[in-house]
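# Got a predicted model here, sequence first, then my questions.
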Amino acid sequence: MISPELVKEALKKKKVRSEEAFGLEYLRFNDDYKDIPRGTAIFKDFIIWGYPHIGRIFLLETGLREQFEAPFWVEEKVDGYNTRIFKYGDNYYALSRGGFICPFTTDRLPDLIDLRILDENPDLVICAEVAGPENPYIEESPPYVKEDVQLFVFDFMKKNEQGFLSQEEKMELIEKYNLPHVEILGRFTASEEGIKKIKEILKRFNEEGREGVVFKEDSERNKRAKYITSYANLMDIKTNAKNMLQLPPEYYTNRILRLVLFMYEEGLKTTEHLYEELGRAFIDGLFQAIEQFEKEHKVYKTFTCKFRKKENAIALLELLSKTSKHIQVKERRLEKEGDYWRLEFDKVFLNMTGLLGHLLSGGIVYD
């Protein structure tokens, strides 16, 4: 549990904020504080701990042998956004990685997962990734999700408790309730044969356009690490070129380094096609930004998603506006389509819009 004294201390240092959503009032850790991870939410009756940070391995052979002391499970890392699902009273809610109750995910839960698991296990917290082309947060999507969004369970927590259920307990619950889940690729060791098999998986994932994998040690300490394909690194650069000014330089340099190290370790040859793709990833987005600004005097991306209830679509727009300091959220349309409400909105990148406005009107910049 978290002591009241620690909460008061965190409040004074502005590491905790008071939130209200769906009629619930709670405290949200908006930053890591001591041993409490960002996204931890304190409700009247229980605490839901934030999802911990997972370190990244850059080279498999040395990384796996250095980080893992026991056999480990390998699971797909799905390209989506993180959510924690729980039951409070008679209702179900979904927290974002940062600890906000997400209006979109909460609205769509009945479409995405059999919630009977929380009726029969009310202390459980489902950790999952939501992914697909019609999500309101990120542009990327797994190649096998062609429309709307899907949910993929990858862990279970319990209210008031840090840590996760064991892999065996997780797999039993997934099977019992027939839950959608990330692909579980097997249990491996950091032996020469184990690493060879993992490399084969990652080479296939790279060819299929998948993001990567997560390693989870099969031990009490449950050590974790992640590894990303070169395809995913390239797509990160491509999809965020319009938003370049809002992201720190290391966002891009780290991804270029990871891309090259992936190719180096996998024995993949550099080709003119790769050089072209990397250059296109940067340049195409900037060209599109300039063309957008000249036509519409703003740089933006358009998102679309659907809701069961209109008020939840409005709540999402309010949440995005509240949490996006350098992005302006502008509704395009909100209309009934069959049984759902279709929301379409723009995220306007204010920093890029401002810079292009300055430069294209003849302004100067001092290096």
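Great, that's in hand.
# contacting residues around Lys203?
Lys203 sits next to Glu266 when contact means CB atoms under 8 Å, 6 or more residues apart in numbering. For every residue, glycine as well, the C-beta is placed using N, CA and C.
# Alpha carbons of the helix or strand hosting it, as CSV, please.
Lys203 belongs to helix 192-208 when assigned by DSSP states H and E. What follows is helix 192-208, C-alpha atoms only, in CSV (Å, rounded to 0.1, in the frame of the first residue of the first chain):
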residue,chain,number,x,y,z
GLU,A,192,23.3,-20.5,-28.7
GLU,A,193,20.3,-22.6,-29.9
GLY,A,194,17.8,-20.4,-28.1
ILE,A,195,19.2,-17.2,-29.5
LYS,A,196,19.2,-18.7,-33.0
LYS,A,197,15.5,-19.5,-32.8
ILE,A,198,14.7,-16.0,-31.4
LYS,A,199,16.6,-14.4,-34.3
GLU,A,200,14.5,-16.4,-36.7
ILE,A,201,11.3,-15.1,-35.1
LEU,A,202,12.5,-11.6,-35.2
LYS,A,203,13.6,-11.8,-38.9
ARG,A,204,10.1,-13.1,-39.7
PHE,A,205,8.5,-10.3,-37.6
ASN,A,206,10.6,-7.7,-39.5
GLU,A,207,9.5,-9.1,-42.9
GLU,A,208,5.9,-9.1,-41.7
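# pLDDT on stretch 229-240, on average?
Mean pLDDT, computed over stretch 229-240, is 87.
# What are the contacting residues of it?
With contact meaning CB under 8 Å, 6+ apart, stretch 229-240 is reached by 79, 138-140, 202, 205-207, 209-212, 247, 251-252, 255-256, 258-259, 262-263, 268, 277-278, 280-282, 284-285.
# Now that we have these, which of them are buried?
With neighbours counted by 16 or more other CB atoms under 10 Å, those contain buried members at 79, 139-140, 202, 205-206, 209-212, 252, 255, 258-259, 262-263, 277-278, 281, 285.
# Can you pull the phi/psi pair for Thr323?
phi -100, psi -10 (degrees, to the nearest 10).
# all helices for the stretch 151-300 of the chain, in order.
167-176, 192-208, 230-239, 249-266, 272-296 (DSSP state H, counting those that start in this stretch).
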